[in-house]
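next one to model:
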Amino acid sequence: MSIESPYKANILEKQVALVTGGSSGIGLEICRQLGKHGCSVVMMGRRLEVLKSAEKMLVDEGIKASSVQGDVRNPEDGIRAVKSTVEKYGQLDVLINGAAGNFLCAAENLSPKGFKTVLDIDTQGTFNMCHAAFSELRKSSNANIINISTTYQYSAQWYQVHVCAAKAAVDALTRSFALEWGEYGIRVNGIAPGPIADTAGFSKLGGSLIDLNSSDNPLLEAIPIKRLGTKWDIAMSVLYLCSTAGQNISGSIIINDGANWLYKPQIIDRDTVQSFSRSIEKKSRQEGIATTSKL
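Now for the predicted structure:
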């Protein structure tokens, strides 16, 4: 797999992005790739030490990066983050809602507080940030909102009832904002990652219990293209949506999971299917000839 960007290094030149959850995991890689392609980035998160460490890392790589501490559940923090971004860089062109909460829990053991916490971070937090950024985004000539979602809500997922509910609502926000804010020149899309290797979320959701090098890895078996996604994969989807290549895309959810969400167990192997199909065709031809001869 190539890890070289297919995009020119200046495709996002003069753009400014605010990324919630941008100081670690997928969010940090999104910030890195935005920065490497000319964008100025501001990371928003709750943990000051993590933010400052991520900021230094990106700056050391030559990226225009800064950070602002805040909780997306608090509308005032979102307003402050937008204001800080504009004060530092003069504008806001891209909002990426990557802050999320997650943990494994059987539905019968999930407390109302735990359920509410995830919805507050994922759903209410996404709304808060979109609402806070609206007045600045409408001033941009290339305004983008990208909501990081998941694929669980498209069917269901064990021990993830809270996330399925929260992300279904995030997808609904994506479509509704795209419909209402298009007239202001704001495009709104989502990206739904599948299993992403080397992230805290992957380990937290049971990835650490799976031997990824095993020949009978059940996770890879459920991914048709037989590879785990990477943070880089998701960042490349972000670049596509932020670039002119995505200028006519709004209200869409890009599923980036190697077709994992479509997976169904293979009940009958290919050779058996082919043999069975041929036998049916042969029988049909024979019956057709017999019927014709009687006429």
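
what helix or strand does the nearest residue to Thr117 once chain neighbours are set aside sit in?
Leaving aside its sequence neighbours, Thr117 sits nearest to Gly101 (Cβ to Cβ, 6 or more residues apart in numbering; 5.9 Å). For the C-beta atoms, the positions are set from N, CA and C on the backbone; glycine is no exception. Per DSSP states H and E: Gly101 is located in neither a helix nor a strand.

hang on, Gly101 packs against Val118?
Yes: between Gly101 and Val118 there is a contact under Cβ atoms under 8 Å: 4.6 Å.

looking at these two, which has the bigger crowd around it?
Higher neighbour count among Gly101 and Val118: Val118, with 23 against 18, using other Cβ atoms under 10 Å.

enumerate every residue touching that one.
Ala100, Gly101, Asn102, His162, Val163, Ala165, Ala166 (Cβ atoms under 8 Å, 6 or more residues apart in numbering).

gap between it and Glu180?
25 Å (Cβ to Cβ, to the nearest Å).

that older thread, which of the contacts of Val118 has the most neighbours?
Ala166 (29 neighbours).

which strand in this protein runs the most residues?
Criterion DSSP state E: the longest strand present in the chain is strand 186-193.

tell me which other helices or strands that strand touches.
helix 125-137, strand 143-148, helix 161-181, helix 231-242, strand 253-256 (3 or more Cβ pairs under 8 Å, 6 or more residues apart in numbering; DSSP states H and E).

list the residues that contact the nearest residue to Asn102 once chain neighbours are set aside.
The shortest distance from Asn102 to any non-neighbouring residue, by Cβ to Cβ, 6+ apart, is to Val163 (5.5 Å). If you count contacts by Cβ under 8 Å, 6+ apart, Val163 has them with Asn102, Val118, Asp122, Thr150, Tyr152, Gln153, Gln157.

which one of those residues is nearest Val94?
Checking the contacts of Val163 against Val94 by Cβ to Cβ gives Asp122 as the nearest, at 19.3 Å.
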